[in-house]
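>>> compute the structure for the input listed below.
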Amino acid sequence: MIGWFARKPATQRRRSWGKLAIFVALAHALGLVSSVEALMSSRTSQGAIAWIVSLNTIPYVAVPTYWVFGRNKFEGYVLSRRDEDSELTRALAEKLGELRVHRVEWSNEDRQLAGVEQLAKLPYLGGNEAMLLVDGEETFASLFEGIDSAERYLLVQFYIVRDDDIGQAFQQRLIDKAREGVEVYFLYDEIGSYKLPSAYLRRLREAGVNVHRFHSTRGPGNRFQLNFRNHRKIMVADGARAWVGGFNIGDEYLEGHEKLGPWRDTHLKLSGPAALALQLVFIEDWHWATEEVPDLPWVPTVPSSNGVPALVLPSGPADRFETASLMMQQAIHAASERVWISSPYFVPDEAVQSKLKLAALNGVDVRILIPERPDNVLTFYAAYAFLGPLLDAGVEIHRYQEGFLHGKAFLVDDVGAAVGTVNLDNRSFRLNFEVTALVMDRDFASDVEAMFEQDFARSRRMTREDIDDRPLWHRVAARGAYLFAPVL
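Numbers count the residues shown, from 1 in each chain. The predicted structure is shown next:
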């Protein structure tokens with residue numbers, strides 16, 4: 001008996017070691033399998049290397065992290081698009097055919113715009129009015145007026161919706177419209193709006209608002225995936241007027257952030273056929289979330305026969321190409337005099353960096369406007385890893401001083417400008433569903449130029465010393481953060 005008790009601890013130890021060995025072997029096997037998947041699916045070599053190394057050295061942490069955050073293709077959405085016989089595909093094809101009546105035909109000198117149309121899978125549409133909206137007071141006044149003026153239906157989609165003063169004012173307006181008999185569809189991203197209480201949503205539903213989350217975890221292989229976000233901010237009223245840009249629904253977008261200061265953002269109102277292009281984008285997202293296609297009117301409203309051409313360019317992880325990155329590369333390539341870009345998160349891929357350097361070396365006025373105060377530490381430090389070579393090439397980097405810069409816009413020469421939701425980082429380029437509106441009009445470009453000029457006046461221009469004079473720990477942090485840029 002005594003001998004049996006003496007032997008028991010040793011037996012238990014052997015069993016424990018055996019279980020540990022099995023666990024280690026299984027973890028490394030899963031790491032190996034996952035690294036093959038990462039090799040085949042990662043869109044950047046840096047991202048593939050980062051995942052392969054971590055999956056095979058620390059699989060206990062890296063394997064679950066990869067399957068939650070690591071994939072770059074939203075397979076369920078891809079399969080939905082490939083179903084050529086689906087109700088959605090038939091509906092989109094029919095409506096797109098009707099919109100092509102308003103397509104703008106370009107001259108041979110403007111043939112570079114054909115590539116952007118191919119990326120968007122939508123044409124430039126004429127007959128639009130474009131109104132630039134700068135900062136919260138102007139934007140929320142326009143958004144709320146748009147809700148109040150809707151007579152038939154409202155399509156509303158935001159990444160972040162908060163249950164604060166602005167959020168409750170927004171909620172009440174949707175409720176009032178639904179009670180008037182207006183059909184209201186409200187789509188939100190469950191990750192961006194994770195703090196939104198169920199009571200907020202329940203009150204909308206009880207009033208007759210059609211409410212649904214984007215449902216990024218629906219579909220085969222997506223159950224544990226948290227990396228894909230619907231970052232779009234779209235509102236469409238009666239198919240005639242639409243809004244798109246950087247604003248979400250929350251007090252900080254009007255009153256400023258407690259720690260970052262005043263909020264500097266940009267939005268755009270479009271009236272005309274382009275509103276229906278934004279409606280198409282919303283309908284595809286709504287179908288993914290609900291498997292339904294709302295029955296909506298599709299008769300374009302043309303406010304002006306001399307209206308401006310506008311292109312709606314959606315992008316996301318279900319695209320065949322890296323749409324957002326290619327859009328930026330094309331914009332930079334097309335510039336002969338200047339390209340000015342505003343982005344709160346600036347960690348572009350190497351292709352965009354190269355285009356920026358080459359444009360500056362060719363004498364193009366290249367200016368990048370980014371925040372001085374970050375709300376994302378990794379992207380803030382990562383930028384210092386490559387800002388030096390951009391400065392050496394002649395690219396101007398301006399850091400906004402008066403609060404937090406959140407606007408996403410760019411200006412090409414004096415002929416075209418864009419406002420949307422795309423940041424110049426890996427998340428926007430490859431992981432988020434985004435949307436950009438490009439307007440080819442000199443008057444609109446002049447408005448965007450004036451906005452940039454005011455922002456530059458409130459900014460400081462970086463010098464090479466800003467990079468070189470950083471302490472060693474800062475430079476190490478910058479290089480370390482940049483290594484994670486492809487997987488952020």
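>>> tell me the centre residue of this structure?
Closest to where the C-alpha atoms of the chain average out (Cα atoms, centre = their mean) is residue 434, at 3.8 Å.
>>> show me what the helix or strand harbouring it is packed against.
Secondary-structure assignment from DSSP states H and E places residue 434 in strand 432-439. Judged by 3 or more Cβ pairs under 8 Å, 6 or more residues apart in numbering; DSSP states H and E, the packing partners of strand 432-439 are strand 125-134, strand 229-230, strand 241-245, strand 266-271, helix 274-290, strand 308-315, helix 323-334, strand 416-420. All C-beta spots, glycine's among them, are computed from the backbone N, C-alpha and C.
>>> what residues does the second one touch?
Looking back up the chat, that one is strand 229-230. 157, 159, 187, 189, 191-192, 214, 216, 285, 427, 431-433 (Cβ atoms under 8 Å, 6 or more residues apart in numbering).
>>> again, only this time at 7 Å
With contacts defined as Cβ atoms under 7 Å, 6 or more residues apart in numbering, strand 229-230 is touched by 159, 189, 191-192, 214, 216, 285, 431-433.
>>> adjacent strands (with direction) for it?
Strands adjacent to strand 229-230 in the sheet, as given by DSSP bridges, are strand 432-439 (parallel).
>>> can I get the next helix or strand after the partner strand in PDB? Just the C-alpha atoms.
Of the helices and strands lying after strand 432-439 in sequence (DSSP H and E), the nearest is helix 442-457. The C-alpha trace of helix 442-457 is given here as PDB (Å, rounded to 0.1, in the frame of the first residue of the first chain):
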ATOM      1  CA  ARG A 442     -13.600  72.200 -60.600                       C
ATOM      2  CA  ASP A 443     -15.900  74.100 -58.200                       C
ATOM      3  CA  PHE A 444     -16.100  71.200 -55.800                       C
ATOM      4  CA  ALA A 445     -12.300  70.700 -56.100                       C
ATOM      5  CA  SER A 446     -12.000  74.400 -55.200                       C
ATOM      6  CA  ASP A 447     -14.100  73.900 -52.100                       C
ATOM      7  CA  VAL A 448     -11.900  70.900 -51.000                       C
ATOM      8  CA  GLU A 449      -8.800  73.000 -51.700                       C
ATOM      9  CA  ALA A 450     -10.100  75.800 -49.400                       C
ATOM     10  CA  MET A 451     -10.800  73.200 -46.700                       C
ATOM     11  CA  PHE A 452      -7.200  71.800 -47.000                       C
ATOM     12  CA  GLU A 453      -5.700  75.300 -46.900                       C
ATOM     13  CA  GLN A 454      -7.500  76.000 -43.600                       C
ATOM     14  CA  ASP A 455      -6.300  72.700 -42.200                       C
ATOM     15  CA  PHE A 456      -2.700  73.300 -43.300                       C
ATOM     16  CA  ALA A 457      -2.900  76.700 -41.600                       C
END
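>>> got the contact list for helix 442-457?
With contacts defined as Cβ under 7 Å, 6+ apart, helix 442-457 is touched by 130, 132, 134, 308, 340, 342, 369, 398, 400, 409, 411, 414-417.
>>> break the protein into its domains for me.
If you go by automatic domain parsing, the domain ranges for the chain are 2-69, 75-309, 323-487.
>>> and the ones you listed, which one averages the lowest pLDDT?
When the domains of the chain are ranked by mean pLDDT, domain 2-69 comes last with a mean of 68.
>>> ok so, going back, check the gap between the residue nearest to the centre of the chain and residue 309 for me.
Applying Cβ to Cβ, to the nearest Å, the value for residue 434 to residue 309 is 21 Å.
>>> cool, residue 446 as well?
16 Å.
>>> so between the two, which is more surrounded?
More neighbours surround residue 309 than the other of residue 446 and residue 309, with 24 against 14 (other Cβ atoms under 10 Å).
>>> hang on, isn't that one packed against residue 124?
Yes - look at residue 309 against residue 124 with Cβ atoms under 7 Å: they come within range, at 4.6 Å.
>>> quick check: PyMOL command selecting the buried ones in the contacts of helix 442-457.
Buried members of these, defined by 16 or more other Cβ atoms under 10 Å, are picked up in PyMOL with:
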select buried, resi 130+132+134+308+340+342+369+398+400+409+411+415+416+417
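>>> closest one of the contacts of helix 442-457 to residue 291?
Nearest to residue 291 out of the contacts of helix 442-457 is residue 130 (Cβ to Cβ; 33.8 Å).
>>> what sits against that closest one?
Going by Cβ under 7 Å, 6+ apart, residue 130 touches 268, 270, 308, 310, 439, 441, 444.
>>> distance check, the closest residue to the first one other than its chain neighbours against residue 244.
Taking Cβ to Cβ, 6 or more residues apart in numbering as the measure, residue 268 lies nearest to residue 419, with 4.0 Å between them; neighbours along the chain are not counted. Taking Cβ to Cβ as the measure, residue 419 and residue 244 are separated by 7 Å.
>>> could you do residue 417 as well?
Per Cβ to Cβ, residue 417 is found 13 Å from residue 244.
>>> how about the helix or strand hosting residue 203: buried residues?
Following DSSP H and E, one finds residue 203 within helix 198-206. By 16+ other Cβ under 10 Å, the buried positions in helix 198-206 come out as 200-201, 203-204.
>>> list residues touching both of residue 309 and residue 124?
104, 440.
>>> just want the angle from whichever helix or strand residue 356 is part of to helix 323-334.
Following DSSP H and E, one finds residue 356 within helix 350-361. In terms of direction (axes from the mean of the first three to the mean of the last three Cα atoms, to 10 degrees), helix 350-361 departs from helix 323-334 by 10 degrees.
>>> what's the burial count for residue 279?
Neighbour number of residue 279 under other Cβ under 10 Å is 25.
>>> pretty sure the residue nearest to residue 268 sits against residue 409.
Yes - assessed by Cβ under 7 Å, residue 419 is found in contact with residue 409 at 4.8 Å.
>>> what do those two both touch?
residue 266.
>>> okay, now residue 25: neighbour count?
By other Cβ under 10 Å, the residues close to residue 25 number 10.
>>> swap that for residue 474, sorry
What residue 474 shows, counting by other Cβ under 10 Å, is a neighbour count of 13.
>>> in space, what's closest to it - neighbours in sequence excluded?
residue 384 is the one closest to residue 474 (Cβ to Cβ, 6+ apart), at 7.0 Å.
>>> so how far is residue 478 from the one you found?
4 Å.
>>> same question for residue 216.
31 Å.
>>> more neighbours, these two?
Between residue 216 and residue 478, counted using other Cβ under 10 Å, residue 216 has the larger neighbour count: 23 against 20.
>>> need the phi and psi values for the closest residue to that one other than its chain neighbours.
Leaving aside its chain neighbours, residue 216 sits nearest to residue 228 (4.7 Å; criterion: Cβ to Cβ, 6+ apart). Residue 228 adopts backbone torsions of phi -90, psi 130, taken as degrees, to the nearest 10.
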